[in-house]
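1. what follows is a predicted protein model with its sequence.
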Amino acid sequence: MGFTAYTIVVRWHLCGPDAALHERNDERLLAESRDRATAIGDCFLGRRNQAVELAERHDIDGFLLTRDLGMSKQYGLFASIRSSDQNFVLEREHRTMRDMAL
């Protein structure tokens, strides 16, 4: 009987810290997953906001309007294209996620 009790106590002592280790590891993995999900959500929200801002720009409207009106390239269509390109380049250079350049 003494040996059985000793074996149970030793076994419980060895398995107890192991279970706590697994629990801490699971908590760490969950926290990392939450952080990644938050980062991805922030990135998608930022991209959505950038798309809305780009869609509301007047240079894109101007380009589409002059193109739809059949305006010649020498009368402003290229100016609208250059302006749009410059804005896209500036936007790409200043794009960040969590204060880090992409």
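-> Great, that's in hand.
2. return the distance of the helix or strand hosting residue 51 from the chain's centre.
-> Applying DSSP states H and E as the criterion places residue 51 in helix 2-55. Computed by C-alpha atoms, centre = their mean, to the nearest Å, the chain-centroid distance of helix 2-55 equals 20 Å.
3. so for that helix, mean pLDDT?
-> The pLDDT scores in helix 2-55 average 81.
4. distance check, the residue most central in space within the chain against residue 50.
-> Centroid-nearest residue in the chain, with C-alpha atoms, centre = their mean: residue 43, separated by 2.6 Å. Separation of residue 43 from residue 50 (C-beta to C-beta, to the nearest Å): 11 Å. Using the backbone N, CA and C atoms, a C-beta is placed for each residue, glycine as well.
5. and if you look at residue 79?
-> 24 Å.
6. between those two, which one's more packed in?
-> Set residue 79 next to residue 50 and count neighbours by other C-beta atoms under 10 Å: residue 79 wins out with 15 against 12.
7. list the contacts for that one?
-> Contact analysis of residue 79 by C-beta atoms under 8 Å, 6 or more residues apart in numbering lists nothing.
8. now do the SS call for it.
-> Three-state call for residue 79 (DSSP: H, G, I helix; E, B strand; the rest coil): helix.
9. confidence score at it?
-> We have a pLDDT of 72 for residue 79.
10. mind giving me the domain split of this structure?
-> 1-56, 58-102 (automatic domain parsing).
11. quickly compare the ones you listed and say which is most buried.
-> The highest average neighbour count among the domains of the chain, using mean count of other C-beta atoms under 10 Å, belongs to domain 58-102 at a mean of 12.
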